[in-house]
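Colleague: 3D model of this:
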Amino acid sequence: MMKYVLTLSILTFFAVSALAGKDVIYGKDNRQDFYEVTSSLHRKLALSTAGMVDVRHFKKSSRENFFDLEYTETLENAMNVCPSEAFSQQHLAPNCSGFLVSPDTLVTAGHCYKSGQKPEEACKGSAWLFGYEMKSPSHDPTRDIPKDNVYLCKKVMAVELNGTMDYAVIKLDRPVVGREPLKFRNAGKIADSTSLVVIGHPTGLPTKISPAGKVTKNTQSTTFSTTLDTFAGNSGSAVFDAQTGVIEGILIQGKNDYMPSKKNDAKSCQVVNSCDENGNNCAAGEEYGSVQWGEVVFRIETVAKKIHQAISTKVR
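Modeller: Coordinates of the predicted model:
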């Protein structure tokens, strides 16, 4: 049973990753654990982000009203990432990221609910976990998870996945406790000069806050491109204006995550793919299509009306 669940989780993760596209480091690796972040604004924003986790990973803790996560693997063990790479010994759990827009409404990427299964099946099989984060270098976020951090998907209110749209709006089973809904752009367009921060679960890791992203292309109708340091698992992450905390979009796609540490040995342990600060000269080689300018972000104002409609709808 353990092998089956673990294998299924990893296969699901790779299936989502393949459809979402993968991601990369631009210049310096800016990913930070929660305990490392000094910005009070970014820490507050992180509280209202969550990870999508298979419900079968949860078991009752020895403490009343707490859960533990079972069958989790480290980044090194699950994905053959070299032990010298950042976060290699942290445990993977979420396969997508999301963010709160009302007490009981969450937004994520559409492919998180339409990748190889019907949205209703994904809703039934997954929970949303808040606070899956490192509170110290030695903290184990897979243990003693408060019940108030775990929420089921009650209904998929809206979901689209096609050549131009990639979003989902979810009603949770109850209002989220102790976390504030986030503000998002309703109209207009992000400025080319905007400094960005993304918060989510790269490669299924505990929450990472990655600031210092910039806009690289801003002419697409439903997306814009950035130099944010994101990975598969960041799909559905909120991309914020780093100064105001307003959500500008949903992370949906990007360049390759990893590459073999030995050029001629595909089975060698994996290292992070890296590009320069403008998204060029990537170690794993140049890529084309929508990712040639960097990480792809779906413009949230495109579906702002649908999000507000879902927020105002009561589900019994």
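
Colleague: quick one: the strands in the stretch 151-300 of the chain?
Modeller: 166-172, 195-200, 208-217, 223-226, 238-241, 247-253, 258-262, 265-272, 274-275, 295-299 (DSSP state E, counting those that start in this stretch).

Colleague: redo those as a markdown table? Include mean pLDDT, mean neighbour count and distance to residue 116.
Modeller: (Glycine included, C-beta is placed from N, CA and C.) Shown next, in a markdown table, are those (pLDDT from 0 to 100; neighbours: other Cβ atoms under 10 Å; distance: least, Cβ to Cβ, whole Å):
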| stretch | mean pLDDT | mean neighbour count | distance to residue 116 |
| --- | --- | --- | --- |
| strand 166-172 | 98 | 26 | 15 |
| strand 195-200 | 98 | 26 | 21 |
| strand 208-217 | 96 | 22 | 26 |
| strand 223-226 | 96 | 25 | 23 |
| strand 238-241 | 98 | 27 | 24 |
| strand 247-253 | 97 | 27 | 17 |
| strand 258-262 | 91 | 17 | 22 |
| strand 265-272 | 93 | 15 | 24 |
| strand 274-275 | 86 | 20 | 29 |
| strand 295-299 | 96 | 27 | 20 |
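
Colleague: columns distance to residue 145 on top of these, output as TSV?
Modeller: Formatted as TSV, those follow (distance: least, Cβ to Cβ, whole Å):
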stretch	distance to residue 145
strand 166-172	16
strand 195-200	18
strand 208-217	18
strand 223-226	31
strand 238-241	21
strand 247-253	24
strand 258-262	28
strand 265-272	28
strand 274-275	33
strand 295-299	29
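
Colleague: right, and the ones you listed - which one's nearest residue 139?
Modeller: strand 208-217 (14.2 Å; Cβ to Cβ).

Colleague: strands paired with the closest one, and their directions?
Modeller: Sheet pairing of strand 208-217 (DSSP bridges) gives strand 32-33 (antiparallel), strand 195-200 (antiparallel), strand 223-226 (antiparallel).

Colleague: to residue 157, which of those strands lies closest?
Modeller: That would be, of the strands paired with strand 208-217 and by Cβ to Cβ, strand 195-200, which comes in at 20.7 Å.

Colleague: quick one, what contacts residue 69?
Modeller: 53, 57-59, 91, 93, 142-143, 145 (Cβ atoms under 8 Å, 6 or more residues apart in numbering).

Colleague: gap between it and residue 223?
Modeller: 33 Å (Cβ to Cβ, to the nearest Å).

Colleague: same question, residue 243
Modeller: Applying Cβ to Cβ to residue 243 and residue 223 gives a distance of 22 Å.

Colleague: now do residue 182
Modeller: Note on residue 182: its distance to residue 223, by Cβ to Cβ, is 20 Å.

Colleague: nearest to residue 309, of the strands of the stretch 151-300 of the chain?
Modeller: That would be strand 166-172 among the strands of the stretch 151-300 of the chain, by Cβ to Cβ, at 8.6 Å.

Colleague: show me how far the closest one is from its chain's centre.
Modeller: 14 Å (Cα atoms, centre = their mean, to the nearest Å).

Colleague: quick one: contacts of that strand?
Modeller: By Cβ under 8 Å, 6+ apart, the list of residues contacting strand 166-172 reads 98, 101, 104-114, 119, 123, 128, 151-160, 236, 250, 252-253, 298, 300, 303, 306-307, 310, 313, 315.

Colleague: burial measure for residue 128, as a count.
Modeller: By other Cβ atoms under 10 Å, the residues close to residue 128 number 25.

Colleague: again with the one 4 residues further on
Modeller: Neighbour count of residue 132, defined by other Cβ under 10 Å: 24.

Colleague: same question for residue 308.
Modeller: Neighbours around residue 308, by other Cβ under 10 Å: 16.

Colleague: ramachandran angles for it?
Modeller: phi -60, psi -40 (degrees, to the nearest 10).

Colleague: can you give me the pLDDT of the closest residue to it other than its chain neighbours?
Modeller: For residue 308, ignoring the flanking residues on the chain, the nearest one in space by Cβ to Cβ, 6 or more residues apart in numbering is residue 186 at 7.9 Å. With respect to pLDDT, residue 186 scores 98.

Colleague: show me what contacts residue 186?
Modeller: 301, 304, 308.

Colleague: tell me the confidence at residue 20?
Modeller: Predicted confidence (pLDDT) for residue 20: 42.

Colleague: and if you look at residue 289?
Modeller: For residue 289, pLDDT reads 79.
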